[in-house]
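Trainee: fold the following and give me the result.
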Amino acid sequence: MDQQPPPFFKRGPAPVALLSFYVLLSMALLVVDARLQTLEIVRQALSMFTHPVQNLAHLPAQFLDNASSYFAGAASLQSEGAQLQRARLEQAATLQRSLHVEAENERLRKLLGVKERQQVSGQVAQILYSARDPYARRVIVDKGQQDRVIAGQPVIDDIGIVGQVTRVFPFVAEVTLITDKEQAVPVQVVRTGMRSVAFGLGNGELEMRFMPLNADIQNGDLLVTSGLDGIFPPGFPVAKVVHIESDTTYTFAQIRCAPVAAVEHFSEVIVLDPRPPVALPAELAEEVASKDVKASTRSARAKKKRPTKD
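Mentor: Here you go, the predicted structure:
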């Protein structure tokens, strides 16, 4: 009677024998491949199958490298764009006055001793958000008392006048746009030199009020700051005339203007330094000082002459 175990329980070669066989086979293949290059074809055939697997394994690393290079490039481009925008804004104070200077040269080129215009300077500020009041045209910038911003400083962009600083906080400041109902800017028509005042309407437009019906104003006329208020430097573009209504039933003409600057959609502005007070001539300053002294003396004498109540 056969007592052999079933095939399932039959044991093959010993593990040590199998290990020795595969080690010898590997060494033989290495020697043959190094000497005769016989396995090059096999290696190339295997690489056709392993290459997609390698690419798939390298995808996470490639993705991280591409992502880092993408963000680095994007940050570099944003930095370069911000620098270019900042440079353009810093030069806006000079570029915006070209039209006004050209028109003024026609009238002043024959005059001598004309005082040179004062150079303006300022600092770039970022628009953070709009004011919460829906009926006001005001924005908040990221410059405040720590940046030596004071109320009254004019604000421009790379095109024209934007508004004026009205409230200052430690780290931010409130800018009232020229389209606000409470804002008024003394202006001058570049074509004719006529002076007036542009008032904000609160709806994104401005209006020239109290202008006679026969005023020499046309659609498309450019309005620049006249500088008569002592706040806005002269020659900065403010608005363009877009609608004129000369109805004889009214005393004055109705003149609507559109702001030149991107008042309602901008991100960076320049807060100009405040204009220094005008220095009076020596003779006029002495006359004003003497008048002030005389006025104070008269007021002191009047106080002494007043009867005292018992």
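
Trainee: please make it C-alpha for all contacts and neighbour counts, starting now.
Mentor: Will do.

Trainee: state which helix of this protein is the longest.
Mentor: helix 40-90 (DSSP state H).

Trainee: next structured bit after that helix?
Mentor: Downstream of helix 40-90, the next assigned helix or strand under DSSP states H and E is helix 92-95.

Trainee: state the mean pLDDT of that following helix.
Mentor: For helix 92-95, mean pLDDT is 71.

Trainee: with stretch 173-183 instead?
Mentor: Across stretch 173-183, the average pLDDT comes to 93.

Trainee: output that stretch as PDB, nothing but the C-alphas.
Mentor: Coordinates of each C-alpha in stretch 173-183 appear next as PDB, following Å, rounded to 0.1, in the frame of the first residue of the first chain:
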ATOM      1  CA  ALA A 173      -7.100 107.300   6.600                       C
ATOM      2  CA  GLU A 174     -10.400 108.200   5.000                       C
ATOM      3  CA  VAL A 175     -10.400 109.700   1.600                       C
ATOM      4  CA  THR A 176     -13.400 111.600   0.300                       C
ATOM      5  CA  LEU A 177     -13.700 111.200  -3.500                       C
ATOM      6  CA  ILE A 178     -14.300 114.200  -5.700                       C
ATOM      7  CA  THR A 179     -17.700 112.700  -6.700                       C
ATOM      8  CA  ASP A 180     -19.000 113.000  -3.100                       C
ATOM      9  CA  LYS A 181     -21.700 115.500  -2.400                       C
ATOM     10  CA  GLU A 182     -19.700 117.300   0.200                       C
ATOM     11  CA  GLN A 183     -16.600 117.700  -2.000                       C
END
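
Trainee: buried ones in it?
Mentor: Ala173, Glu174, Val175, Thr176, Leu177, Ile178, Thr179, Asp180, Lys181, Gln183 (16 or more other C-alpha atoms under 10 Å).

Trainee: need those residues in a markdown table (columns: distance to Ser98).
Mentor: Below are those laid out as a markdown table (distance: C-alpha to C-alpha, whole Å):
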| residue | distance to Ser98 |
| --- | --- |
| Ala173 | 30 |
| Glu174 | 29 |
| Val175 | 26 |
| Thr176 | 26 |
| Leu177 | 23 |
| Ile178 | 21 |
| Thr179 | 24 |
| Asp180 | 27 |
| Lys181 | 29 |
| Gln183 | 25 |
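
Trainee: tell me which element Thr251 falls in.
Mentor: Assigned by DSSP H and E, Thr251 falls within no helix or strand.

Trainee: quick one: contacts for it?
Mentor: With contact taken as C-alpha atoms under 8 Å, 6 or more residues apart in numbering, Thr251 is in contact with Pro212, Leu213.

Trainee: what score does it have for pLDDT?
Mentor: What the model reports for Thr251 is a pLDDT of 85.

Trainee: helices along the stretch 151-300 of the chain, start to end?
Mentor: Ranges of helices in the stretch 151-300 of the chain, per DSSP state H, counting those that start in this stretch, are 282-305.

Trainee: point out where it drops to low pLDDT.
Mentor: For the stretch 151-300 of the chain, the stretches with pLDDT under 70 are 266, 277-300.
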